[in-house]
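Engineer: build me a structure from this.
(4 chains)
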2 protein chains.
Amino acid sequence: MSKPPEPHGAASSRQAQRSADMRRRLCQAAIDVLCDVGYERLSTPLIAARAGVSRGAQTHHFPAKADLMVGAFRHLLQSWEEARVATFGTTDPPRVTLETYLRFAWREIFGKPSYVAALELMMAARADERLGGQLREALDEWAVRRGAVWREVLRFSGLRDDDAFQHINMSLLRGMAVHRGFNHAESENEAVLDEWIALVRHMGVVPPAP
Amino acid sequence: MSKPPEPHGAASSRQAQRSADMRRRLCQAAIDVLCDVGYERLSTPLIAARAGVSRGAQTHHFPAKADLMVGAFRHLLQSWEEARVATFGTTDPPRVTLETYLRFAWREIFGKPSYVAALELMMAARADERLGGQLREALDEWAVRRGAVWREVLRFSGLRDDDAFQHINMSLLRGMAVHRGFNHAESENEAVLDEWIALVRHMGVVPPAP
DNA sequence: AACTAAATACAGACTGGCCTGTTTGTTTTA
DNA sequence: TAAAACAAACAGGCCAGTCTGTATTTAGTT
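Structural biologist: As a prediction, the model looks like this:
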């Protein structure tokens, strides 16, 4: 039986398999390059070389640079989701306290070098309207699940289910990541996270103001 | 009486005056370009055009691109200091509550479009070791005064003088700025700041854990 | 005060290099 | 046999840094 062409889904045919592998390699190489040299010095030949692939292959799978950037971004989002499942198992959203989830988020996502790739892409998207649209689209559909996870975590921690409080946590982690990227102060961020968690513990006793 | 040549201090001679003016114009143009098109598409000819200046003038005052970036960064830091003095007067560090200072910091620094220029520069500095060194140098000497301001604000607010708590506030503002730059959600950030200030009010009553 | 020589400020052209997107050709798979 | 995957070369464009040339300012001298 012949299988339908699945250009973007799970690989079934041999071609689709190769295609998916190649796309993954290129996306991963793009993230690596982004981490190492930043968006400024990033170039499509550099990514192809990093992936050990000819430039023809790269242009075949990602005709425009922006396409590759979007692919890298989606690759990142997916890796974050995989990290969550790998850490907390299949019960998704996980039933853990905010403290546990914060430490996970820092250790596995925001505190990792690869997160600066996401930052670079988000910054670069400001200039390119087309790229920005596609990145926001990817982030928006991913944010649905992310929101559900945070809601469950807050509920489980006995805290009010509050959009603003979600964003406080994420903005804090983002800001720490920027600080980490620029001012390689690792231990400083650990102290900041500890202090924030201590504050959160207090909030467990004293819920936030109306 | 003849005045000594002050190549970098307050302008006295006519040449030094023109030089300082030109440098200011170029730094401001660099920030504007950075805000509008981002670091990726930034170029020295673009900056010169934005400043209404010949490229020869630009290369004369800033031989290398990195020099101009450092100048723009220092220009930004200075503008933040000026904003603080303009808002709170000459009593420096200002004697205001944390809430007042947070709202100022968001309104006049982190929440303004020009802050993304600082973010772009900090991101770009990751790749360029030389640029990064000079930017960190500028930031470090500025951080001395910034630390004094935060300490006084925390003390005045009856909160513990705590480095980690300082960094929580600044990382939160940074993270909000990134969110603002990418996901033009203005009102969302206002709500986040309000919520954070509400939490801080609680902390005024219940000091953080040891 | 006038004059000169050096230093500084400014202007514009040039070059070597790299990048993006395209195109043409070859191999593998369906 | 057609389509997809891969390979490599090409063309147009832009940029950073340099260099040569001109105008303005300053310092030194008388």
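Engineer: only alpha carbons, please: show the worst-scoring helix or strand of chain A on mean pLDDT as PDB.
Structural biologist: Every helix and strand in chain A was compared by mean pLDDT, DSSP states H and E; the lowest is helix A:186-205, with a mean of 89. The C-alpha trace of helix A:186-205 is given here as PDB (Å, rounded to 0.1, in the frame of the first residue of the first chain):
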ATOM      1  CA  GLU A 186      25.500  32.100  37.100                       C
ATOM      2  CA  SER A 187      25.600  32.000  40.800                       C
ATOM      3  CA  GLU A 188      23.800  35.400  41.000                       C
ATOM      4  CA  ASN A 189      20.900  34.000  39.200                       C
ATOM      5  CA  GLU A 190      20.700  31.000  41.500                       C
ATOM      6  CA  ALA A 191      20.400  33.300  44.400                       C
ATOM      7  CA  VAL A 192      17.700  35.300  42.700                       C
ATOM      8  CA  LEU A 193      15.700  32.200  42.000                       C
ATOM      9  CA  ASP A 194      16.100  31.100  45.600                       C
ATOM     10  CA  GLU A 195      14.900  34.400  46.900                       C
ATOM     11  CA  TRP A 196      12.000  34.500  44.500                       C
ATOM     12  CA  ILE A 197      11.000  31.000  45.700                       C
ATOM     13  CA  ALA A 198      11.200  32.100  49.300                       C
ATOM     14  CA  LEU A 199       8.800  34.900  48.500                       C
ATOM     15  CA  VAL A 200       6.500  32.600  46.700                       C
ATOM     16  CA  ARG A 201       6.400  30.400  49.800                       C
ATOM     17  CA  HIS A 202       5.200  33.300  51.800                       C
ATOM     18  CA  MET A 203       2.500  34.000  49.300                       C
ATOM     19  CA  GLY A 204       1.300  30.500  49.900                       C
ATOM     20  CA  VAL A 205       0.500  31.600  53.400                       C
END
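Engineer: can you tell if that helix touches chain B?
Structural biologist: Yes: for helix A:186-205 and chain B, the contact criterion (CB under 8 Å from any CB of the partner chain) is met by A:188-189, A:191-192, A:194-196, A:198-199, A:201-203. No exception for glycine: its C-beta is placed from N, CA and C like everyone else's.
Engineer: return the set of buried residues in stretch A:22-31.
Structural biologist: A:22-23, A:25-31 (16 or more other CB atoms under 10 Å in any protein chain shown).
Engineer: quick one: mean pLDDT for it?
Structural biologist: On average, the pLDDT along stretch A:22-31 is 98.
Engineer: hmm, who's touching it?
Structural biologist: A:42, A:47-48, A:50-53, A:57-58, A:61-62, A:68-69, A:71-72, A:74-76, A:114, A:117 (CB atoms under 8 Å, 6 or more residues apart in numbering or on different chains).
Engineer: try 10 Å this time
Structural biologist: The contact list for stretch A:22-31 (CB atoms under 10 Å, 6 or more residues apart in numbering or on different chains) reads A:7-8, A:42, A:44, A:46-53, A:57-58, A:60-62, A:65, A:68-76, A:78-79, A:113-114, A:116-118, A:120-121.
Engineer: about what we covered before: residue A:180: which of the residues of helix A:186-205 next to chain B is nearest?
Structural biologist: Ranked by distance to residue A:180 (CB to CB), the residues of helix A:186-205 next to chain B are led by residue A:189 at 5.6 Å.
Engineer: quick check, pLDDT for the nearest residue to that closest one once chain neighbours are set aside.
Structural biologist: Closest residue to residue A:189 apart from its sequence neighbours, by CB to CB, 6 or more residues apart in numbering or on different chains: residue A:176 at 5.0 Å. According to the predicted model, the pLDDT of residue A:176 comes to 98.
Engineer: touching, residue A:176 and residue B:169? I think so.
Structural biologist: No: if you go by CB atoms under 10 Å, residue A:176 and residue B:169 don't touch, sitting 12.0 Å apart.
Engineer: mind checking which of the two has more residues around it?
Structural biologist: residue A:176 (28 against 20; other CB atoms under 10 Å in any protein chain shown).
Engineer: so that one is in which element?
Structural biologist: Using DSSP states H and E, residue A:176 maps to helix A:163-182.
Engineer: for residue A:110, see how far away the residue nearest to residue A:169 when sequence neighbours are not counted is.
Structural biologist: Nearest residue to residue A:169, sequence neighbours excluded (CB to CB, 6+ apart): residue A:102, at 6.7 Å. In this view, residue A:102 and residue A:110 are 10 Å apart by CB to CB, to the nearest Å.
Engineer: what residues do those two have in common as contacts?
Structural biologist: Shared contacts of residue A:102 and residue A:110 (CB under 10 Å, 6+ apart): A:172-173, A:193.
Engineer: okay, those in a markdown table with distance to residue A:125 and neighbour count next?
Structural biologist: As requested, the shared contacts of residue A:102 and residue A:110 are exported to a markdown table (distance: CB to CB, whole Å; neighbours: other CB atoms under 10 Å in any protein chain shown):
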| residue | distance to residue A:125 | neighbour count |
| --- | --- | --- |
| A:172 | 22 | 26 |
| A:173 | 19 | 22 |
| A:193 | 27 | 25 |
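Engineer: go through those and name the one nearest DNA strand D.
Structural biologist: residue A:173 (32.5 Å; CB to the nearest atom of the strand).
Engineer: now the closest residue to the closest one other than its chain neighbours, what are its backbone angles?
Structural biologist: Take residue A:173 and drop its neighbours on the chain: the residue closest to it by CB to CB, 6+ apart is residue A:110, 4.1 Å away. Torsion angles at residue A:110 (phi, psi; degrees, to the nearest 10) stand at phi -70, psi -30.
Engineer: residue A:111 now?
Structural biologist: phi -90, psi -10.
Engineer: list the residues that contact the closest residue in space to residue A:98 that isn't next to it in sequence.
Structural biologist: Excluding the flanking residues, the one nearest residue A:98 by CB to CB, 6+ apart is residue A:157, at 4.2 Å. By CB under 10 Å, 6+ apart, residue A:157 lies in contact with A:96-101, A:200-201, A:203-204.
Engineer: buried subset of the residues you listed, written for ChimeraX?
Structural biologist: Burial among those is assessed by 16+ other CB under 10 Å; the matching ChimeraX selection reads:
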select /A:96,97,98,99,100,101,200,203
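Engineer: DNA strand C contacts on chain A?
Structural biologist: A:2, A:13-16, A:18, A:42-46, A:55-56, A:59, A:63-66 (CB under 7 Å from any atom of the strand).
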